[in-house]
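A.B. asks: when you get a sec, could you give me coordinates for this:
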Amino acid sequence: MPTSVGIGNFRRLGEVLTVLRIAFIVAGLVGVIRSDANAAEPLEESLRELASPDSDVVERRLNELAASGNAALIPALEALCDARLRVAPDGAVYYTAPKERTLRHPLTGTIVDPQPSGTHEVEVNNQIRRQALPVLAELKLRSPAEAVRMAAAQELDGRGDAESVAILRSAFKDEQVKRVRDAMALALARWDLQSTDPERQIAALAIARALGTSSLKGELKRLAGATPDASIRKAAAQALDDIESRQHFLDAVGALFHGISLASILLLAALGLAVTFGLLGVINMAHGEMLMLGAYATYAVQMAFERWLPGLVRYYLLAAVPVSFLATLLAGVLLEKTVIRFLYGRPLETLLATWGISLGLIQTVRLIFGAQNVAVANPDWLGGGIEIANGLVLPYNRLAVIAFAVAVAVAVWLLLQRTRLGLQVRAVTQNRAMASCLGIATRRIDMWMFGLGSGIAGLGGVALSQIGNVGPELGQTYIIDSFMVVVLGGVGRLAGTIVASLGLGVINKFLEPFAGAVLGKIVVLAFIILFIQRRPQGIFAIKGRVEA
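C.D. replies: Numbering: from 1, shown residues only. Reported below is the predicted structural model:
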């Protein structure tokens, strides 16, 4: 009995301790909330005073806001400079986001519900803007977001006034991220290059030599040619040479990257053509319109998401891939069953018929969507890019196109080399009569492979919609290049199509800066003609009749 009583007392003691622990936690949370609220009260009071008609009061409050270093104030101060700050009859201030009418809380940014009535715009003049802009810049440079600090450093670099330089020097001491430090250092170097202090100029030239971009070339040329100090002239000339060498290298890397992204589009366009041309021997002039249909299918999916699934619109591209593929695949199957099937072995009639079909598809799209280009937006997760060097950014949308083209090429190779359908396709391609004798339904193979080629072109349209304009004549731009890729790589050769598209894409981008887009294509076409004269089978020799 005493033991049970002792156990009961211990249990009650444990319950009491648990209750006390919970009480302490709740009290701590309440204390944190109160401290945050107490900290926010002076900021809200300073924000209220921004609506004061007394410019001295506004200036004093702006200094208080700058001293707080609170990045949450940035949207409200941006609204003040853009005349989007509102004041209610009770003195409370709110702001509206760009292209919005709803009022937001100046510190939290949350939409105020219910919306206060009777608000009016806070009057702002140029004097207040001149006072607010340095405060805004200082808060941005202290922001925890790297992108905000980077944008602020670049913005202050363009101003070039003493106040902006002082703000940059102060923030530079505490900046830890190399990318942002480099941007700040360049901005300060641009200012110091104009100094009369030789030590500052030498230090700035060292930074310009290590990090400088072409935007500094004008100032460096001035120093290299007009400065009486020989050491500064020499340092400026060396910095100028280093910047030009670095710029040439970055231009070459950028041209290579854009050439690979163009090659990815050519690959997606030519893959389907290689399949149909290699298997059927059909010169399909409507193949480019399958790219166009794929791009417009992507646009239709985007519009459907914006209308019926606005909360999921950032994922519309994931749905557009299968929709575009199926839409163009079915269009290709329909085209094969109604037209192409009756024209096998008659290349001239096939060429003329598919050319007429391409014109009809273009006109149909014009009637449905209009003659003007339509806007296909990149999802937010494809916005921006990777900055691999100062002045060289690899956009995410082009990187995604390259990865997508590689994935499609691998999928096509697996289909042709590792599936029963692929085995039948290769058999029909190499010897149609023997394949038919072995029981392969050659007509059905023709239909589905023509549809597959069109579906692959539709996937190319999805990729194109993310890096270029979408219009009715989109396919006309790529049809000739696609045929050149197929012929150069070897008709029906998948590996040849990949190598030829990569070569043509990169060569085109390297020729454009020197010869221009049109002359560059002429040079490429002349090269292909000469190459085919020496090697009619293309880069990869054909085994048998035709090999897929």
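A.B. asks: looking at the protein, which helix or strand is least sure?
C.D. replies: helix 2-49 (a mean of 53; mean pLDDT, DSSP states H and E).
A.B. asks: which element is residue 298 on?
C.D. replies: Per DSSP states H and E: residue 298 is located in helix 287-308.
A.B. asks: between the helix or strand following that helix and helix 287-308, how many degrees?
C.D. replies: The C-terminal neighbour of helix 287-308 among helices and strands, as given by DSSP H and E, is helix 316-338. On the basis of axes from the mean of the first three to the mean of the last three C-alpha atoms, to 10 degrees, helix 316-338 is oriented at 140 degrees to helix 287-308.
A.B. asks: for the closest residue in space to residue 340 that isn't next to it in sequence, which three-state class applies?
C.D. replies: Distances taken as C-beta to C-beta, 6 or more residues apart in numbering place residue 282 nearest to residue 340, at 5.9 Å, with adjacent residues excluded. For the C-beta atoms, the positions are set from N, CA and C on the backbone; glycine is no exception. Secondary structure, DSSP: H, G, I helix; E, B strand; the rest coil: residue 282 is coil.
A.B. asks: list the contacts of residue 193.
C.D. replies: 201, 204, 205, 208, 216, 219, 220, 223 (C-beta atoms under 8 Å, 6 or more residues apart in numbering).
A.B. asks: mind running it again at 7 Å?
C.D. replies: When contacts are counted by C-beta atoms under 7 Å, 6 or more residues apart in numbering, residue 193 touches 201, 204, 219, 223.
A.B. asks: and the buried ones among the residues you listed, selectable in PyMOL?
C.D. replies: Restricted to buried positions by 16 or more other C-beta atoms under 10 Å, the PyMOL selection for the contacts of residue 193 reads:
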select buried, resi 201+204+219+223
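A.B. asks: make a markdown table from the contacts of residue 193 and add secondary structure, pLDDT and distance to residue 105 to it.
C.D. replies: Below are the contacts of residue 193 laid out as a markdown table (DSSP: H, G, I helix; E, B strand; the rest coil; pLDDT from 0 to 100; distance: C-beta to C-beta, whole Å):
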| residue | secondary structure | pLDDT | distance to residue 105 |
| --- | --- | --- | --- |
| 201 | helix | 88 | 48 |
| 204 | helix | 88 | 43 |
| 219 | helix | 83 | 45 |
| 223 | helix | 85 | 50 |
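A.B. asks: what's the closest of the contacts of residue 193 to residue 265?
C.D. replies: When the contacts of residue 193 are compared for distance to residue 265 (C-beta to C-beta), residue 219 comes out closest, at 40.0 Å.
A.B. asks: what sits closest to the closest one if chain neighbours are left out?
C.D. replies: That would be residue 193: by C-beta to C-beta, 6+ apart, it lies 4.9 Å from residue 219.
A.B. asks: would you list the phi and psi of the one you found?
C.D. replies: phi -60, psi -20 (degrees, to the nearest 10).
A.B. asks: check the gap between it and residue 181 for me.
C.D. replies: Remark: distance between residue 193 and residue 181 (C-beta to C-beta, to the nearest Å) = 18 Å.
A.B. asks: residue 388: which element?
C.D. replies: strand 385-389.
A.B. asks: buried stuff in the helix holding residue 298?
C.D. replies: Those would be 287-302, 305, for helix 287-308 by 16+ other C-beta under 10 Å.
A.B. asks: with just CA atoms, put that helix into CSV.
C.D. replies: The C-alpha coordinates for helix 287-308 follow below in CSV (Å, rounded to 0.1, in the frame of the first residue of the first chain):
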residue,chain,number,x,y,z
HIS,A,287,7.5,18.1,-91.2
GLY,A,288,8.3,21.6,-90.1
GLU,A,289,4.6,22.3,-89.4
MET,A,290,4.7,19.4,-86.9
LEU,A,291,7.1,21.5,-84.9
MET,A,292,4.7,24.4,-85.3
LEU,A,293,1.8,22.3,-84.1
GLY,A,294,3.8,21.1,-81.1
ALA,A,295,4.6,24.7,-80.1
TYR,A,296,0.9,25.7,-80.5
ALA,A,297,-0.2,22.7,-78.4
THR,A,298,2.1,24.0,-75.7
TYR,A,299,0.5,27.4,-75.9
ALA,A,300,-3.0,25.8,-75.7
VAL,A,301,-2.0,23.8,-72.6
GLN,A,302,-0.7,27.0,-71.0
MET,A,303,-3.9,28.8,-71.8
ALA,A,304,-5.9,25.9,-70.3
PHE,A,305,-3.9,26.0,-67.1
GLU,A,306,-4.3,29.7,-66.8
ARG,A,307,-8.0,29.4,-67.1
TRP,A,308,-8.9,26.3,-65.2
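A.B. asks: what's the closest non-adjacent residue to residue 347?
C.D. replies: residue 283 (5.7 Å).
A.B. asks: residue 115: what secondary structure?
C.D. replies: coil.
A.B. asks: please look at it and residue 101 and confirm they touch.
C.D. replies: No: in this structure, residue 115 is not within contact of residue 101 by C-beta atoms under 7 Å, at 9.1 Å.
A.B. asks: what about those two, which has more around it?
C.D. replies: Using other C-beta atoms under 10 Å, the more surrounded residue of residue 115 and residue 101 is residue 115, with 12 against 7.
A.B. asks: returning to that earlier point: direction included, what does the following helix or strand past the strand holding residue 388 pair up with?
C.D. replies: Next along the chain after strand 385-389, taking DSSP H and E as the criterion, comes strand 392-395. The pairing partners recorded for strand 392-395 under DSSP bridges are strand 385-389 (antiparallel).
A.B. asks: and the partner strand, how far from the chain's centre?
C.D. replies: 12 Å (C-alpha atoms, centre = their mean, to the nearest Å).
A.B. asks: identify the residues contacting that strand?
C.D. replies: Strand 385-389 has contacts (C-beta under 7 Å, 6+ apart) with 250, 393, 394, 395, 396.
A.B. asks: which of those ranks first by neighbour count?
C.D. replies: Highest neighbour count within those: residue 395, with 19 neighbours (other C-beta under 10 Å).
A.B. asks: where does the prediction get shaky in this protein?
C.D. replies: Applying pLDDT under 70 to the chain flags the ranges 1-41, 158, 160, 278, 491-492, 517, 541-548.
A.B. asks: look up phi and psi at the residue nearest the centre of it.
C.D. replies: Note on the chain: the residue nearest the mean C-alpha position is residue 383, at 3.5 Å, using C-alpha atoms, centre = their mean. Here is the backbone geometry of residue 383 (degrees, to the nearest 10): phi -80, psi 160.
A.B. asks: can you check residue 112 too?
C.D. replies: According to degrees, to the nearest 10, residue 112 has phi -80, psi 130.
A.B. asks: so who does the residue nearest to it when sequence neighbours are not counted touch?
C.D. replies: Excluding the flanking residues, the one nearest residue 112 by C-beta to C-beta, 6+ apart is residue 103, at 4.8 Å. Neighbouring residues of residue 103 by C-beta under 7 Å, 6+ apart: 86, 94, 96, 112, 115, 116, 119.
A.B. asks: let's see 8 Å
C.D. replies: Contact partners of residue 103, counting by C-beta under 8 Å, 6+ apart, are 86, 94, 95, 96, 111, 112, 115, 116, 119.
A.B. asks: wouldn't the third one be in contact with residue 83 here?
C.D. replies: No: taking contacts as C-beta atoms under 8 Å, residue 95 lies outside contact range of residue 83: 10.3 Å.
A.B. asks: compare these two (neighbour count), which wins?
C.D. replies: Comparing residue 95 with residue 83 by other C-beta under 10 Å, the one with more neighbours is residue 95, at 22 against 12.
A.B. asks: would you mind measuring from that one to residue 54?
C.D. replies: 21 Å.
A.B. asks: got phi/psi on residue 119?
C.D. replies: phi -80, psi 150.
A.B. asks: please name every helix or strand in contact with whichever strand or helix holds residue 63.
C.D. replies: Using DSSP H and E, residue 63 sits within helix 55-68. Other elements packing on helix 55-68 under the criterion 3 or more C-beta pairs under 8 Å, 6 or more residues apart in numbering; DSSP states H and E are helix 2-49, helix 126-141.
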